[in-house]
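Peer 1: Need the 3D shape of this:
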Amino acid sequence: MPSWSNHLPASHRLAAWLGAGGSLTANIRRVGHDFRVRRLSQACASALPEETSVLGRRQGVVVREVLLMEGDTPLVFAHSVVALAHTHGPWRAVTGLGSRPLAELLFADRGIVRQPLQFRIVVAEDPLGQRLRRALPDVRFPLWARRSTFYKEGSPLLVTEVFLPPITAWQP
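Peer 2: Here you go, the predicted structure:
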């Protein structure tokens, strides 16, 4: 499985999207006209092995997965993970999002601190690729992803975004 890196693949056609700062949701809304979020799941589950170093745990987490869509076209598969205990504390608002974008919460609160973006290729065989394939069985790999950890009151929430080919039709 490829490892996460702080280095953006500058020559890749997705580099502008991968490295775009601020809210990905806001960036997509600026170029699209029919943005929406399709919630796939939100439940207690196990963190992926690569997420335990950030979260400090594998069990007792809430995993939320959504598709960021332009009309009926999926552009991004977003996978967020937070400790269940923190959903009763600093991250309690996450459980009530429904199909609203997580970005509305993350970028509206000045008390939330974002760590630098990390990047990697996602392949079908890795656990994140398998989760993506459950949502979109016909998806083709490899795909580029980015992730970032957000901290609120010292509690981490990890957000991973996998970019799907249709997003290359626009520039952020």
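Peer 1: and the gap between Leu105 and Arg64?
Peer 2: 11 Å (CB to CB, to the nearest Å). Every C-beta, even on glycine, is put in place using the N, C-alpha and C of the backbone.
Peer 1: His7 too?
Peer 2: Taken as CB to CB, the span from His7 to Arg64 is 28 Å.
Peer 1: Give me the more crowded residue out of the two.
Peer 2: More crowded of His7 and Arg64, by other CB atoms under 10 Å: Arg64, with 21 against 7.
Peer 1: Nearest residue to the more buried one in space, please, no chain neighbours.
Peer 2: Ranked by CB to CB, 6 or more residues apart in numbering and with sequence neighbours excluded, the top spatial neighbour of Arg64 is Gln42, at 4.3 Å.
Peer 1: that older thread, need the residues touching each of Leu105 and Arg64.
Peer 2: Common contacts of Leu105 and Arg64 (CB atoms under 8 Å, 6 or more residues apart in numbering): 94, 97.
Peer 1: what's the one helix or strand the residue nearest to Arg64 maps to in contact with?
Peer 2: Per DSSP states H and E: Gln42 is located in strand 35-45. Residues from elsewhere that reach strand 35-45 (CB under 8 Å, 6+ apart): 25, 28-29, 60-71, 74, 84, 95, 97-101, 135.
Peer 1: Buried subset of those residues, written for PyMOL?
Peer 2: To isolate the buried ones among the contacts of strand 35-45 in PyMOL, judged by 16 or more other CB atoms under 10 Å, type:
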select buried, resi 25+28+29+61+62+63+64+65+66+67+68+69+70+74+97+101+135
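Peer 1: So which of the contacts of strand 35-45 are in helices?
Peer 2: Taking DSSP state H as the definition of helices, those contribute 25, 28-29, 135.
Peer 1: Just flag the most distant two among the residues you listed.
Peer 2: The span of the ones in helices among the contacts of strand 35-45, defined through CB to CB, is set by Arg29 and Ala135 at 21.6 Å.
Peer 1: Hmm, Gly111 is touching Gly154, no?
Peer 2: No: using CB atoms under 8 Å, Gly111 is not in contact with Gly154; the gap is 10.7 Å.
Peer 1: coming back round to it: and which of the ones in helices among the contacts of strand 35-45 is nearest Gln115?
Peer 2: The nearest one, if we look at the ones in helices among the contacts of strand 35-45 relative to Gln115 and count by CB to CB, is Thr25, at 18.4 Å.
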